[in-house]
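Q: pasting a predicted model and its sequence here:
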Amino acid sequence: MIEIQNVSKVYPNGTIGLKNINLSFEKGEFIVIVGRSGAGKSTLLRSINRLHEISEGDIQIDNRSITSAKGQQLRSIRRDVGMIFQNFNLVRRSTVMRNVLSGRVGYHSTLRTVLNLFPKEDQQLAYNALQRVGITEKAWTRADQLSGGQQQRVSIARALAQEAKIIKVHLLHITLRRQKIIYHGSIT
Ligand SMILES: Nc1ncnc2c1ncn2[C@@H]1O[C@H](COP(=O)(O)OP(=O)(O)OP(=O)(O)O)[C@@H](O)[C@H]1O
């Protein structure tokens, strides 16, 4: 049984990941957590395995508090929690903008990219791509501060900014469809 009591998580940059969550899952239950991108689903899952510290509250797994567990006890609780992660091959420490631009100019191609100085035309193109996937507000956020779905949208924007050839467009459509993102407009 997993019990989540009054759990909140505030990230170091001030973003609220979870706000006063109370949930309880019985053994054998099959649970689906649904929410808009950035709602806090992964934050909740990372909290359950204590992959980060929560800011408030307590999480118990089979009546053992993972929040206060240490050493061997923590390892033993963690063994009972399996997880699968999303990975979208972004450069984690770089901004969203820089990641998208890397699709266009090649990540290490010029001194300009190292200094974060990009031609205006490329920046506009990257911005347009971010607009098409609805994530312009995160343009200057580091990739490792995004949710999984947000990272996925950045990787889609990167492919869009690359002005992908037809074969990539095909793959992109499959990705979009699988993730139920409705895409309007032509890519090429
Ligand atoms: N390391 C981090 N630092 C700062 N903010 C973060 C960090 N990780 C996630 N966030 C922010 O916390 C919020 C919740 O993110 P979370 O990853 O839990 O969302 P999610 O519901 O799993 O989204 P998705 O469906 O897009 O994967 C988002 O606003 C996200 O930008």
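A: Here it is on my side, so go on. None of the values given here were measured: they were computed from a predicted structure.

Q: partners of the helix or strand hosting residue 8 in the sheet?
A: Counting by DSSP states H and E, the element that carries residue 8 is strand 2-10. Partner strands and pairing direction for strand 2-10 (DSSP bridges) are strand 16-25 (antiparallel), strand 56-61 (antiparallel).

Q: contacts only, for the nearest residue to residue 160 once chain neighbours are set aside.
A: Leaving aside its sequence neighbours, residue 160 sits nearest to residue 129 (C-beta to C-beta, 6 or more residues apart in numbering; 4.0 Å). No exception for glycine: its C-beta is placed from N, CA and C like everyone else's. By C-beta atoms under 8 Å, 6 or more residues apart in numbering, the contact set of residue 129 is 100, 157, 158, 160, 161.

Q: which one of those residues is nearest to the ligand?
A: Of all the contacts of residue 129, residue 157 has the smallest distance to the ligand: 13.9 Å, by C-beta to the nearest ligand atom.

Q: can I get the helix or strand containing the closest one in PDB, CA atoms only?
A: Using DSSP H and E, residue 157 maps to helix 148-161. Extracted in PDB, the C-alpha atoms of helix 148-161 (Å, rounded to 0.1, in the frame of the first residue of the first chain):
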ATOM      1  CA  GLY A 148       8.800  14.900 -19.500                       C
ATOM      2  CA  GLY A 149       6.100  16.100 -21.800                       C
ATOM      3  CA  GLN A 150       7.600  19.500 -22.100                       C
ATOM      4  CA  GLN A 151      11.000  17.900 -23.000                       C
ATOM      5  CA  GLN A 152       9.200  15.800 -25.600                       C
ATOM      6  CA  ARG A 153       7.700  19.000 -27.100                       C
ATOM      7  CA  VAL A 154      11.100  20.600 -27.200                       C
ATOM      8  CA  SER A 155      12.500  17.600 -29.100                       C
ATOM      9  CA  ILE A 156       9.600  17.900 -31.500                       C
ATOM     10  CA  ALA A 157      10.300  21.600 -31.900                       C
ATOM     11  CA  ARG A 158      14.000  20.800 -32.500                       C
ATOM     12  CA  ALA A 159      12.900  18.500 -35.400                       C
ATOM     13  CA  LEU A 160      10.500  21.200 -36.700                       C
ATOM     14  CA  ALA A 161      13.300  23.800 -36.600                       C
END
